[in-house]
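[1] Provided below for reference: sequence and predicted model.
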Amino acid sequence: MMEEQILNVTAVNNYISSVFRAEELLHNISVAGEISNMRIAKGHAYFILKDEKSQLNCSCFNCSKTYTPKDGESVIIKGSVDYYSAGGRLSFNADAIKPLGQGMLAFKLAKLKEKLTGEGLFDIRFKKPIPPYPTDVCVITAYNGAVIKDIKRTIRRKNDLINIYIKDVKVQGKDAHLEIIDALDSVDKMNYDVIIIARGGGSAEDLMTFNEESLVRAIFRCNTPIISAVGHESDVTLCDEVADYRAATPTAAAEKVAYSVDDLKAYINQCGRQMKSSIDSQVQLKQRDLKARTDFIKSQTKLLFVQNARKIKDYAQSLKVAIDNKLHTAGANYDKISARLTADNPLAVMQRGYWYVSKGGAIVSSAKGLNVNDEVSLKTHDGEIKAKITEV
Amino acid sequence: MKFEESIKQLDEILEKLEGGKIPLDESVDLYSKGMKLCVECAEKLNEVKGKIALLEESQQGLVAKIVEVEE
């Protein structure tokens, strides 16, 4: 038989406490219910939160940090479940308490935001750029409010060129969003460079107009770039989320569109200067290029001329040498031939007293070819004699 | 032409000119066009004064009724 393990109370309570601490599902949760048995002691609130079937012991330390409800009030409390070891009691430690009405509003808003985010309405890829030099700016706001005065003043301080078109609308209260949607749909067709939706600061309820789903969708379907400037810096509405640009305040929206005319003038001058220097440098480049090519052609021509001149001179020289050689050889041959001719000349022999005999044109070199009475011709070096053979 | 468009065209011309990849005669044409734009813009910037108008409903839709002209 196993030996029974005996624990003390502290060990059990510490274990229970550690189990609750480790359970993430019981931390940082929001619970809705009705308040009862509310009492405040030493700055801490102790109460019971209940619904139709159950109740939960709750505490809120330093309760002045949050909303303090009364018995019977419906609230949403945010906090964690905690087990108090020393007292062996479970309680819910609330960090924040919100009246249910307000809590529900925030809850609904969060749900709507989640839905529209899921549909991609707030996607960065749908954001149209705000033109840097708008000419026509349309402001949808209350014409008699302070907001439009701020916007006009801010724009005009830097820019006296922008045309400002104002569409007067109701910016709070029931159906204000419908009026703004109508205005948006009409001005979107008028080809303005940018539309500003503006409203000054107000309570959360006042700004709820700018969280209306239909208005958010109307802004999304606009073709004109839209700047949302609703409330103060800390107020972020769904209009701000869906707009192409969120300005923290109406004045910031005006700053966004009001480009400085002086800066623009300077920029245009600079463009002119840059274009001039660009074309100048291109012309210079072409001139340099042209000169380089001309110089090259010149130097090539000269080189060719020099090369050819040298070649021609060489040819002439070779020709001369060849001719000289030829003449020399010819001269030598002539002398040789002439000497041989002189040596072999029959006339020279004949001058020494030799004659030669021919009969009928053929030379007679033997007595055997002759008969008595043959007529022969005797050739001397200076003439010809006819003779008749008398004896053989 | 609105400033927006003029400035955009100027930027494009400048980019092409400074890219240096176009023939000289085309560059000269672009330069003339750009300079003309510069002069037009500068003139407009000096002459034009913006107006402030209130949009009112009419049978033809919204019409702009000028409420202030800056002098």
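    Structure received. Source: prediction; values computed, not measured. Numbering: from 1, shown residues only, chains lettered A, B, ... in the order given.
[2] what about whichever strand or helix holds A:Asp324 and chain B, touching?
    Using DSSP states H and E, A:Asp324 sits in helix A:261-344. Yes - using C-beta under 8 Å from any C-beta of the partner chain, helix A:261-344 comes into contact with chain B via A:261, A:264-265, A:267-269, A:271-272, A:274-276, A:278-279, A:282-283, A:286. In this view, the C-beta of every residue, glycine as well, is placed from N, C-alpha and C.
[3] helices or strands up against that helix?
    If contacts are counted by 3 or more C-beta pairs under 8 Å, 6 or more residues apart in numbering or on different chains; DSSP states H and E, helix A:261-344 sits against helix B:3-19, helix B:24-47.
[4] Alpha carbons of stretch A:380-392, as CSV, please.
    Extracted as CSV, the C-alpha positions of stretch A:380-392 are listed here (Å, rounded to 0.1, in the frame of the first residue of the first chain):
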residue,chain,number,x,y,z
THR,A,380,85.0,41.0,-153.7
HIS,A,381,84.9,43.3,-150.7
ASP,A,382,84.1,46.2,-153.0
GLY,A,383,82.1,44.7,-155.9
GLU,A,384,81.1,41.8,-158.0
ILE,A,385,82.6,40.3,-161.1
LYS,A,386,81.0,38.0,-163.6
ALA,A,387,83.3,35.3,-165.1
LYS,A,388,83.2,32.2,-167.3
ILE,A,389,85.0,29.0,-166.4
THR,A,390,87.5,28.0,-169.0
GLU,A,391,89.1,25.1,-167.4
VAL,A,392,88.4,22.7,-164.5
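[5] Would you indicate which residues of that stretch are buried?
    Of all the residues in stretch A:380-392, those buried under the rule 16 or more other C-beta atoms under 10 Å in any protein chain shown are A:Ile389.
[6] again with stretch A:271-282
    Using 16+ other C-beta under 10 Å as the test for burial, stretch A:271-282 gives A:Cys271, A:Gly272, A:Gln274, A:Met275, A:Ser278, A:Ile279, A:Gln282.
[7] got it, and stretch A:186-199?
    Buried residues in stretch A:186-199 (16+ other C-beta under 10 Å): A:Ser186, A:Val187, A:Asp188, A:Met190, A:Tyr192, A:Asp193, A:Val194, A:Ile195, A:Ile196, A:Ile197, A:Ala198, A:Arg199.
[8] so how far does that stretch reach from one end to the other?
    With C-alpha to C-alpha, to the nearest Å applied, stretch A:186-199 spans 19 Å between its terminal residues.
[9] Next: stretch A:363-371.
    For stretch A:363-371, the first-to-last residue distance is 15 Å (C-alpha to C-alpha).
[10] What values do phi and psi take at the residue lying closest to A:His27 once chain neighbours are set aside?
    Nearest-residue entry for A:His27: A:Ser80, 4.2 Å, with adjacent residues in sequence omitted and distances by C-beta to C-beta, 6 or more residues apart in numbering or on different chains. When read as degrees, to the nearest 10, the backbone of A:Ser80 gives phi -140, psi 150.
[11] so what's A:Ser80 bridging to?
    A:Asn93 (DSSP bridges).
[12] give the contact list for it.
    A:Ser80 makes contact with A:Leu26, A:His27, A:Asn28, A:Ile29, A:Phe92, A:Asn93, according to C-beta atoms under 8 Å, 6 or more residues apart in numbering or on different chains.
[13] quick one: what helix or strand has residue 57 in it?
    Let's take chain A. strand A:55-60.
[14] hmm, I had chain B in mind actually
    Counting by DSSP H and E, B:Glu57 is part of strand B:51-58.
[15] could you check whether that strand is close to chain A?
    Yes - judged by C-beta under 8 Å from any C-beta, strand B:51-58 comes into contact with chain A at B:Lys51, B:Ile52, B:Ala53, B:Leu54, B:Leu55.
[16] what residue is smack in the middle of chain B?
    B:Phe3 (2.9 Å; C-alpha atoms, centre = their mean).
[17] quick one: strands adjacent to the helix or strand bottoming out on mean pLDDT in chain B?
    Here the helix or strand of chain B ranked lowest by mean pLDDT, DSSP states H and E is strand B:61-69, holding a mean of 80. Strand pairing for strand B:61-69, using DSSP bridges, gives strand B:51-58 (antiparallel).
[18] for the strand it pairs with, which positions count as buried?
    Residues of strand B:51-58 classed as buried by neighbour count (16+ other C-beta under 10 Å): B:Lys51, B:Ile52, B:Ala53, B:Leu54, B:Leu55.
[19] Columns pLDDT on top of those residues, output as TSV?
    Below are the buried residues of strand B:51-58 laid out as TSV (pLDDT from 0 to 100):
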residue	pLDDT
B:Lys51	88
B:Ile52	88
B:Ala53	90
B:Leu54	89
B:Leu55	90
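[20] where does chain B dip in pLDDT?
    Per-residue confidence for chain B (pLDDT under 70) gives these ranges: B:1, B:69-71.
[21] how about the residues of it near chain A?
    Residues of chain B lying near chain A by C-beta under 8 Å from any C-beta: B:2-4, B:7, B:10-11, B:13-14, B:17-18, B:20, B:24, B:27-28, B:31, B:34-35, B:38, B:41-42, B:45, B:48-55, B:61-62, B:64, B:67, B:70.
[22] Taking these, please make a ChimeraX selection of just the buried ones.
    Typed into ChimeraX, the line below selects the buried ones among these, using 16+ other C-beta under 10 Å:
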select /B:3,7,10,13,14,17,27,31,34,35,38,41,45,50,51,52,53,54,55,62,64
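[23] Let me see the contact set for residue 28.
    As the question left the chain open, I've gone with chain A. Per C-beta under 8 Å, 6+ apart, neighbours of A:Asn28: A:Lys78, A:Gly79, A:Ser80.
[24] try again with chain B
    Contacts for B:Val28 (C-beta under 8 Å, 6+ apart) come out as A:Ile279.
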